[in-house]
Every structure is written in C-alpha cells, then in structure tokens.
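[1] Can you look at this prediction? I've put the sequence above it.
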Amino acid sequence: MGLVSCSSEPKGELLAEAYGNMLYDTELKNVISAEVSNEDSVFMTKEYIQVWVTKQVLLAQAQKELTDKEKDKTAQIEQYRTDLLTYEVLNKLALQELDTSFDDAELDNYYEDNKNEFELSQNIIKIIFFQIPENSEDINLLWSSFKSNDQSIYGKLVALSEQGGNYYTDKTSWVYFDDILKEIPINTYNQEHYLNNNKFIRFNDGSFVYFIKIIDFKIRSTTSPFSIERDNIREILLMKRQQKLVRSIETKLLNEAYSNKEIKIF
C-alpha cells in the first residue's frame, strides 16, 4: 500500500494515522468495488487498514534501523523498471506477429504426446436427462420407452420439460458431475460408487419427475479427455509459440543494432 501524506486539505474521511501519514477513505474507493455487499465492504476496509498500519510501522522501523546505504533502493528500482519495460516491449512486438490459429492435428498431437499432463480433478459424465411434470400423461409408458433407448419420445419429453422443468440432451459432450448436481437433486456421498452403480435413474422431486441416463463417465485422477482439454492445450501451445517468438524478436533486434553500429563492446 502506498503512503498517504498529510495535507492541509482533507481528502475524505480519515480512517487511520501513523507516524504523520494519513489514510483516507478515498484511497479505498479505488480498491473496494461499489458492488460488494455492506458486510464485505466493512470486512475489506478493516483488512486494508490493518495492512496499511502494519506497513507504516515497518517503514518507521526501517527508517530507524537501516543505514542510508541500505535504504537507497535506486538501483533496484531502476532494474525493476528496466525489466518491466523490456518485458512489455517484447510481448507487444510478439503479439503483433503472433499467429493464434492451430489446426486440430497440432492440438491432438500435443495431447497424445503429453497425456500425463492432463488429469481429471473432478468426475465427468455424458448424460441425458428430462425434468417433467409429475402429473404428465402416460408417465410410466414414457419411462419404459426411455429405458429402452427409444429416442422417438425425446421430442415429447422436451415439450413436457419446457413446462417449468429442464432437460439436457447433448449425449456427446462431457460435463462435470458437480455441475449436473446443481441442476439435478441427486443425493450421493460417494460419486464414484453412484456412477458405477447407476445408469438409468428415475425419481420424484416435489412436482417433477426426473428421467436420467448416464451414458458414460470418467473418474477423477484418470486422464482427462481431449475435448475437455482442447482449450487448455491451445493456451499452452500459444504460450510456447509466443515465448519462441519473443526470443526470435530479441535476437533480431540485437543483430540489427549490431549491424547499424548502435552497439559497441570494448
């Protein structure tokens, strides 16, 4: 946190004072969003004040304990500034040239060569479900057809689900089981056991009935499928490509400087 110096003109409500330095509420307005709740705002304000006060105490102690040489950080600040500027310019130049397109083969090859890098942190499933009104006509017949994989009834189940319920019919995509549990009130204390022992599930929840089919599943700590990791792989390869481009640009700029005799080494 930066120091807030004394001033003859108050800069808002004074929140704290330490060793002649003042902290005003205006400084916190740039840190605490107006959208946070009042309770969170009070908590964050107290935390900010405590951190600020602690730093003032440590800075005051540094003034007493450190020698002038120890307190002189000019060289470190200049080095930090230099590092920031060189980092910024190289990345800016790289982004101007960076090709962000990848073909599927390139992504797939990286996945196949580095499968050990991709481990599931959650259980995932492929699922179909319909949440339909409990008083729907022929509900037992519909359930029987659903269990027999009769997809001709899906249109009717979708229509019934749209009467205040919900549904999911993308049977090819992997989804996190935890996300499904936010939509379907399945009670389970052991997800792995539940997935291993259930395929077709029907249960009532208030005024609705759920028809569920678990098509496939993968357990946490096993290899994550390519479809889930595709975007992550793209980001990994993009970063590698950018880093390679940065090194290339750095070498190019250095060679140009030598060619133009803008550099002399004695």
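    Okay, I see it.
[2] Regarding stretch 97-109, how distant is the last residue from the first?
    24 Å (Cα to Cα, to the nearest Å).
[3] Buried residues in that stretch, which are they?
    Within stretch 97-109, the residues that count as buried by 16 or more other Cβ atoms under 10 Å are Leu107. All C-beta spots, glycine's among them, are computed from the backbone N, C-alpha and C.
[4] likewise stretch 116-132?
    118, 120, 123-132.
[5] Show the end-to-end separation of it, please.
    Span of stretch 116-132 from end to end, Cα to Cα: 42 Å.
[6] For that stretch, the averaged confidence score.
    Computed over stretch 116-132, the mean pLDDT rounds to 95.
[7] for stretch 68-79, same thing?
    Stretch 68-79 comes out at a mean pLDDT of 94.
[8] Can you pull up the most central residue in this protein?
    Asn232 (11.4 Å; Cα atoms, centre = their mean).
[9] Contact partners for it?
    Phe118 (Cβ atoms under 8 Å, 6 or more residues apart in numbering).
[10] tell me the secondary structure for it?
    Asn232 falls in the helix class when you classify it by DSSP: H, G, I helix; E, B strand; the rest coil.
[11] and it, what pLDDT?
    At Asn232, pLDDT is 95.
[12] And Gln63, which helix or strand is it part of?
    Assigned by DSSP states H and E, Gln63 falls within helix 38-65.
[13] Three-state assignment for Phe130, please.
    Phe130 is classified as strand under three-state DSSP.
[14] is it true that it touches Leu160?
    Yes: taking contacts as Cβ atoms under 8 Å, Phe130 lies within contact range of Leu160: 7.2 Å.
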